[in-house]
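Participant: Next one to model:
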Amino acid sequence: QYPMDWIDAGVAWISDMLNNNLPDGPVKAMLVDGAIAGVGAVIVFLPQILILYFFISYMEDCGYMARAAFIMDRLMHKMGLHGKSFIPLIMGFGCNVPAVMATRTIESKRSRLVTMLVLPMMSCSARLPIYIMMTGSFFAAQYRSSVMLLLYIIGIAMAVLLARLFSKTLVKGEDTPFVMELPPYRFPTWKAIGRHTWEKGRQYLKKMGGIILVASIIVWALSYFPVPDNPNIDKQARQEQSYMGQVGKAIEPVFRPMGFNWRLDVGLLAGVGAKEIVASTMGVLYTNNDSFGNDNEYNNDSHKYEALRHQMTADVAEQHHISYTQAEPLAQLTAFCFLLFVLLYFPCVATIAAIKGETGSWKWGIFAAVYTTVLAWIVSAIVFQIGSFFL
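Facilitator: Residues are numbered from 1 along each chain as shown. Okay, the predicted model is just below:
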């Protein structure tokens, strides 16, 4: 956390410097809110990824990783995966991007591909602010941890089911038998560990930096243009008038089966670039407060969670033509369905790029983007329709 905070402070310092020295306008907004914010979102995870790869390199070189893969092989094979799939799946809870890159240790092409395709089901740390925002707003304190744990369990269960499905239908062929020499335990050299760690970190920045930069600028442009006639309008009104807001309203009928309105749709669209943006975008649209994206624990400054719950419940009441009191349980169900959608839908652009980089084809990256979004739509719609029947 300390090095992440230092990088975060450095990115904030650069943003402040540009804010103070550049004239207001689209160029300044693109640099500060688009380029620097987008690249900063990638760089800030670099310490986490370096530490992750440091310990993985250590475990590989000391001989432990081979034994862990051997122990997990029987369980992984029941899922249609390989013993070595266990480590990338665990890594996916931190960040899906290095987890996808870690699949290269799997010799079996079939198991490697299936592992990559199910990795988005693992709740990466970028989804945590969204989980905190929704559970903090709509669930009593004693149930919040249970709801969040349930989301992680659902993700793991989906990964198991999809791995079995893909290994039997989509990616056919005989899996390679688990043949591995168990090396003797030994203390690795620091030079080798340092070299492996640096190479993996460099590859991460090289592969993800450019794609995240382009995606961030596109998301920024959709949120910034058209420029409103009144420059003094607040962020909330600006988001509504933007192309992103217009697209959200246009696709609202598609998401009506799970009770979502255009504000929730815009939040989901913003998350295509990076999942952290979902929380801050929804904070702006509902409460004119973009601090939700920074929350890694419950932090109810200025009663922002109550404000979010009140506004979202009022929207549900208006959407279904019912009273505010009647809308409260329906709003809670909508919030849970939104969490399910965030859990399952489109992994971030960086993950899609990582899948493309590891497979050498956009085909599998696009497939991962499409199937996860369709799955999220189906699951959320079913849960909302069944849940609303009992309310």
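
Participant: Report the separation between residue 20 and residue 153.
Facilitator: Using CB to CB, to the nearest Å, one gets 47 Å for the distance from residue 20 to residue 153. Every C-beta, even on glycine, is put in place using the N, C-alpha and C of the backbone.

Participant: repeat for residue 141
Facilitator: From residue 141 to residue 153 the distance is 20 Å (CB to CB).

Participant: what's the answer for residue 239, then?
Facilitator: Between residue 239 and residue 153 the distance, using CB to CB, works out to 34 Å.

Participant: With neighbour numbers in mind, choose between the two.
Facilitator: Neighbour totals were compared for residue 239 and residue 153, and residue 239 leads with 21 against 10 (other CB atoms under 10 Å).

Participant: Next, the buried residues of the helix or strand that one falls within.
Facilitator: Remark: residue 239 resides in helix 235-241, with elements defined by DSSP states H and E. Residues of helix 235-241 classed as buried: 236, 238-241 (neighbour count, 16 or more other CB atoms under 10 Å).

Participant: average model confidence for the very next helix or strand once past that helix?
Facilitator: Sequence-wise, the next helix or strand downstream of helix 235-241 (DSSP H and E) is helix 243-250. The average pLDDT for helix 243-250 rounds to 89.

Participant: next one: stretch 155-170
Facilitator: Model confidence over stretch 155-170, given as mean pLDDT, is 91.

Participant: How about stretch 220-236?
Facilitator: Per-residue pLDDT over stretch 220-236 has a mean of 78.

Participant: Which of the residues in that stretch are classified as buried?
Facilitator: If you call a residue buried by 16+ other CB under 10 Å, then stretch 220-236 has these buried ones: 220-224, 236.

Participant: Now do the end-to-end distance for that stretch.
Facilitator: Taking CA to CA, to the nearest Å, the span from the opening residue of stretch 220-236 to its closing residue is 15 Å.

Participant: Go ahead and measure how far that stretch is from the middle of the chain.
Facilitator: In terms of CA atoms, centre = their mean, to the nearest Å, the centre of stretch 220-236 is found 26 Å from the chain centre.

Participant: Which residues does that stretch contact?
Facilitator: Among residues not part of stretch 220-236, those counted as contacts by CB atoms under 8 Å, 6 or more residues apart in numbering are 26, 29-30, 33-34, 37-38, 237-239, 241-244, 247, 269-270, 281, 284-286, 288, 290.

Participant: for stretch 90-103, same thing?
Facilitator: 45, 48-49, 52-53, 56, 85, 87-89, 112, 115-116, 119-126, 152, 200, 203-204, 207-208, 347-348, 350-351, 354-355, 357-358.

Participant: Among the residues you listed, which ones are in helices?
Facilitator: Residues from those lying in helices, with DSSP state H as the criterion: 48-49, 52-53, 56, 87-89, 112, 115-116, 152, 200, 203-204, 207-208, 350-351, 354-355, 357-358.

Participant: packing partners for the helix or strand bottoming out on mean pLDDT in the chain?
Facilitator: The weakest-scoring helix or strand in the chain, judged by mean pLDDT, DSSP states H and E, is helix 37-43 (a mean of 74). Where contact means 3 or more CB pairs under 8 Å, 6 or more residues apart in numbering; DSSP states H and E, helix 37-43 is packed against helix 2-21, helix 190-224.

Participant: Looking at those, spot the one closest to residue 145.
Facilitator: When the helices and strands packed on helix 37-43 are compared for distance to residue 145 using CB to CB, the nearest one is helix 2-21, at 23.8 Å.

Participant: How about that closest one, which residues are buried there?
Facilitator: Neighbour counts using 16+ other CB under 10 Å place 7-8, 11, 15 of helix 2-21 among the buried residues.

Participant: low-confidence ranges in this structure?
Facilitator: Screening the chain residue by residue with the criterion pLDDT under 70, one finds the ranges 172-180, 207-210, 290-302.

Participant: 50 instead?
Facilitator: Nowhere does the chain drop to pLDDT under 50.

Participant: Please identify the residue most distant from the middle of it.
Facilitator: Summary for the chain: using CA atoms, centre = their mean, the residue whose C-alpha lies farthest from the chain's mean C-alpha position is residue 184, with a distance of 38.3 Å.

Participant: mind checking how far the helix holding residue 239 is from the chain centre?
Facilitator: Averaged C-alpha coordinates place helix 235-241 at 24 Å from its chain's average position (CA atoms, centre = their mean).

Participant: circling back to that earlier point, which pair in the buried residues of stretch 220-236 has the greatest spatial separation?
Facilitator: In the buried residues of stretch 220-236, the most distant members under the criterion CB to CB are 221 and 236, with 18.9 Å between them.

Participant: Distance to residue 251 added to the helices and strands packed on helix 37-43, as a markdown table?
Facilitator: Formatted as a markdown table, these follow (distance: least, CB to CB, whole Å):
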| stretch | distance to residue 251 |
| --- | --- |
| helix 2-21 | 31 |
| helix 190-224 | 13 |
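
Participant: Can you check which of those helices gets nearest to residue 253?
Facilitator: Among the helices and strands packed on helix 37-43, helix 190-224 comes nearest to residue 253, with 19.7 Å by CB to CB.

Participant: Now the nearest residue to residue 247 once chain neighbours are set aside: which helix or strand?
Facilitator: Leaving aside its sequence neighbours, residue 247 sits nearest to residue 269 (CB to CB, 6 or more residues apart in numbering; 6.4 Å). Secondary-structure assignment from DSSP H and E places residue 269 in helix 262-270.

Participant: what helices or strands is that helix leaning on?
Facilitator: When contacts are defined as 3+ CB pairs under 8 Å, 6+ apart, helix 262-270 sits against helix 190-224, helix 243-250, helix 276-287, helix 324-344.

Participant: Great, nothing more from me.
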